[in-house]
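Participant: One predicted model, sequence on top.
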Amino acid sequence: MFSHLPIADRKSSLATNFGPSLMISILILVGSSLLAAATPPTGENAYCDKGNVAHFGDKDGPAEVPKACYYTGIDGTPSPGKQIRVAARASLASEYDHAKCGDTLLLPAGSSFDVKELPAKKCDDQHYVTIRTDTPDSNLPPEGTRISPAWAGVASLPGRPPFSQPAGGPAKLLATLVVREPSGVTVGDHVRFIGIEWTNDPTQGIGRLVSTEETDHVILDRNWLHPAEGAEVGKGVGMIKGARVIALINSYLSGFNCVARTGRCTDANAVGGGNGDAPTGTFKIFNNFLEAAGENVLFGGSGATVNPTDIEIRRNHLFRPMTWKQGEPGYKPSPSGSPYIVKNHFELKNAQRVLFEANLLENSWGGFSQTGYSILLNPRNQGNRCPKCQVTDITIRYNRIRNVGGVFSISNSLSKTGGESADGGRYSIHDVIADNVHEEDFKGHGNLLALLCNRPPLHDVQLDHVTAFVPGVIVSITNKGEKLDNFSLSHSVISAGERRPSFASAGGGPANCAAKSQRMGAEAVLKDCFATYKFDKNLIIGGRGTWPAGTIGVSSREAAGIRSDLGLCAEKGPGCAKMSPGAGAASGSRDVGADVQAVEAALAGVE
């Protein structure tokens, strides 16, 4: 278990998730097999001990993992001072101003408070100010458990998955903060919010709900953040401009949108940051429902002289409702009649040392400025105001992607005015499942991977143990410059369309490295486009062209021996007409493709 961790850190993770006595039993039972298992931990602080001691482990493939973390358990972020009951009609700003470090402000459930700013108090790690509903803990989801709108009295939201409910059914158990600052409420240091609903006054032009600008040690725990009905609010939580040690955990963010043609913004996201000139980073985004029209999570995309670092994004459901897609049953446009601007699920334009683990990504389509890819790794010197922007050391593992117009888009591209970013590379992508991928009906390309490289050269991209069923090409590439270093696609199960070559040029004319060789097959493209590469022990279903030695080629999913859960048949039997040729064919006698059981275990309870 936890094969990406060193032995000491695996023991620590076992203790954190299962307790010391069960840990001892597991170690005795599995012995040396501990090294081979892959199931990742699921606990909120699985990679972080009290005192913010990180144990993410060693590098994952070419990528460095985060070096810093944020321990978010209440036992390590206490408020030992007074409990102060705030009257329903009181000024929250005044009550907060008079509170001392370590105090707890109890806001009446069902009450609303206008808020613009909650200034820093310069508290310490043992004296957090807690702002929370006065609903007792016994009537809230337990610590470490996601809240839903049902705790604000909303039984369901159209087009969204069913969500958890209070024991007695939907009830108004949260206090509400109504944002009155267009750029978002700036919150102070060492503050935790529990059981708070955040929204806006629809008569005001509010662009963001919460800003953590120039602050540190902020925890939003079991909160519901959403625009007012019919309001266009582009940002949920901004980890921006000097934000340090910030956590969004166990929360529900819904409805963030920008409207095409008639709207005030163009790029909505539930959570993001990465701009400014002051050091920023150590961010934790854990166990949330994250919904936004543009990007559910985005780092980068504006001017900066620093790189946000050490970002942990785990066990989140990145979602947008299909009722936002034109032509779908129940389609509901914005109040103006225009559609919402949809882009992708997860995009990095400026970030370093990111762990993206055990997330479920659903519903992404094109038709605006993008074509429905789910994940974009795209360092960008936005407006030539971020020459230091880079996307490096990114680990993407144990995730599931479904109902999208494409899976991965990885590019080192110039800004619109020709500016270069600093770097893009050292990407480790493994144990990822992608299915229900579309083409024209989602205004996408239906590809597994688009590689678009300009300057600086893209390097060290590793995909391993991926299971993907795509109607388009496996890899489309645009590169007119020097060959790329260290590309690897191995131990994967990939079903590809047959209308185009499986490794294909993405355009750019004869100067593109794949323009001529795409007619000769994957091996020719790999040789022409990459200085060093690995393509080994992949089970390819369908597809066009010839393949490098070591490829297992079959004509259909039946011939591939794929079970209904997308794992491989180890033997002939119920649900398995034959043993899969990919069973046990990977290094270490693993099956090729994603470890389906590990992915399912990692995602248990995320949806």
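Facilitator: It's in. Residues are numbered from 1 along each chain as shown.
Participant: Got phi/psi on T467?
Facilitator: For T467, the backbone dihedrals (degrees, to the nearest 10) come out as phi -120, psi 120.
Participant: For it, name its beta-bridge partners.
Facilitator: I433, V493 (DSSP bridges).
Participant: Please list all residues in contact with it.
Facilitator: Residues in contact with T467 (Cβ atoms under 8 Å, 6 or more residues apart in numbering) are V432, I433, A434, D435, S492, V493, I494, L566, G593, A594, V596. Quick note: C-beta positions are derived from backbone N, CA and C, even for glycine.
Participant: Mind pulling up the pLDDT for it?
Facilitator: In this model, T467 is scored at 98, pLDDT.
Participant: can you tell me how far it sits from E362?
Facilitator: Distance, T467 to E362, by Cβ to Cβ, to the nearest Å: 17 Å.
Participant: Quickly find the element holding the spatially closest residue to N412 that is not a sequence neighbour.
Facilitator: Nearest residue to N412 in three dimensions, chain neighbours excluded: G424, at 4.1 Å (Cβ to Cβ, 6 or more residues apart in numbering). Under the criterion of DSSP states H and E, G424 resides in strand 423-437.
Participant: Now do that strand: distance to the chain's middle.
Facilitator: Its chain's C-alpha centre and that of strand 423-437 lie 12 Å apart, by Cα atoms, centre = their mean, to the nearest Å.
Participant: Next SSE downstream of that strand?
Facilitator: Downstream of strand 423-437, the next assigned helix or strand under DSSP H and E is strand 449-453.
Participant: got the contact list for stretch 227-238?
Facilitator: 184, 199-202, 206-213, 220, 225, 248, 253, 255-259, 263-265, 267-273, 290, 292, 294, 334-335.
Participant: now stretch 145-162
Facilitator: With contacts defined as Cβ under 8 Å, 6+ apart, stretch 145-162 is touched by 135, 140-141, 163-166, 169-174, 176, 195, 197, 222-224, 226, 250-252, 254, 287-289, 291, 317, 319, 321-324, 330, 332, 607.
Participant: Give me the ChimeraX select line for these, limited to the buried ones.
Facilitator: Of the contacts of stretch 145-162, the buried ones can be selected in ChimeraX as follows, counting by 16 or more other Cβ atoms under 10 Å:
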select :135,140,141,163,166,170,171,172,173,174,176,195,197,222,223,224,226,250,251,252,254,287,288,289,291,317,319,321,322,324
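Participant: Wait, S338 touches N257, no?
Facilitator: No. Using Cβ atoms under 8 Å, S338 makes no contact with N257, being 10.6 Å away.
Participant: neighbour count winner among the two?
Facilitator: Each of S338 and N257 has its neighbours counted (other Cβ atoms under 10 Å); N257 has more, 24 against 13.
Participant: All the helices of this protein, residue numbers only.
Facilitator: Taking DSSP state H to define them, one finds helices in the chain at 7-18, 20-30, 92-98, 522-529, 557-560, 596-603.
Participant: By mean pLDDT, show me the worst of these.
Facilitator: Among those, helix 20-30 scores lowest, at a mean of 35.
Participant: on that earlier part again, quick one, which of the contacts of T467 are buried?
Facilitator: Using 16+ other Cβ under 10 Å as the burial test, those include V432, I433, A434, D435, S492, V493, I494, L566, G593, A594, V596 as buried.
Participant: before we move on, the earlier item: put together a markdown table for the contacts of T467, with distance to N512 on each row.
Facilitator: Output for the contacts of T467, formatted as a markdown table (distance: Cβ to Cβ, whole Å):
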| residue | distance to N512 |
| --- | --- |
| V432 | 27 |
| I433 | 30 |
| A434 | 25 |
| D435 | 29 |
| S492 | 24 |
| V493 | 28 |
| I494 | 22 |
| L566 | 33 |
| G593 | 30 |
| A594 | 30 |
| V596 | 36 |
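Participant: any idea which of the residues you listed is the one closest to Y373?
Facilitator: Distances from Y373 to the contacts of T467, taken as Cβ to Cβ, are shortest for A434 (10.8 Å).
Participant: Near the closest residue to T72 other than its chain neighbours, how many residues? Count them for me, please.
Facilitator: Excluding the flanking residues, the one nearest T72 by Cβ to Cβ, 6+ apart is A247, at 4.9 Å. Using other Cβ under 10 Å, A247 is surrounded by 26 other residues.
Participant: what are the bridge partners for A247, then?
Facilitator: I219, K284.
Participant: So it sits against V218, correct?
Facilitator: Yes. With contacts counted by Cβ under 8 Å, A247 reaches V218, the gap being 7.2 Å.
Participant: I am assuming S580 contacts E558, so please confirm or correct that.
Facilitator: No. Counting by Cβ under 8 Å, E558 is not a contact partner of S580; they are 10.3 Å apart.
Participant: of these two, who's got more company?
Facilitator: Using other Cβ under 10 Å as the criterion, S580 and E558 rank with S580 on top: 25 against 12.
Participant: now that one: how far from G561?
Facilitator: Taking Cβ to Cβ, one finds S580 at 3 Å from G561.
Participant: For stretch 211-231, give the mean pLDDT please.
Facilitator: Here stretch 211-231 scores 97 as its mean pLDDT.
Participant: Give me the distance between it and the centre of its chain.
Facilitator: Stretch 211-231 has its average C-alpha position 17 Å from the chain's average C-alpha position, going by Cα atoms, centre = their mean.
Participant: Stretch 365-375 too?
Facilitator: Taking mean C-alpha positions (Cα atoms, centre = their mean), stretch 365-375 and its chain are 16 Å apart.
Participant: Tell me which residues of it come out buried.
Facilitator: Counting neighbours by 16+ other Cβ under 10 Å, stretch 365-375 gives W365, G366, G367, F368, Q370, T371, G372, Y373, S374, I375 as buried.
Participant: thinking again about what came up before, for the strand holding G424, name the packing helices and strands.
Facilitator: Packing partners of strand 423-437 (3 or more Cβ pairs under 8 Å, 6 or more residues apart in numbering; DSSP states H and E): strand 373-377, strand 390-404, strand 406-412, strand 459-469, helix 596-603.
Participant: Quick check: which helices or strands does the last one pack against?
Facilitator: Spelled out, it's helix 596-603. strand 390-404, strand 423-437.
Participant: How far does it sit from its chain's centre?
Facilitator: With Cα atoms, centre = their mean, you get 16 Å for helix 596-603.
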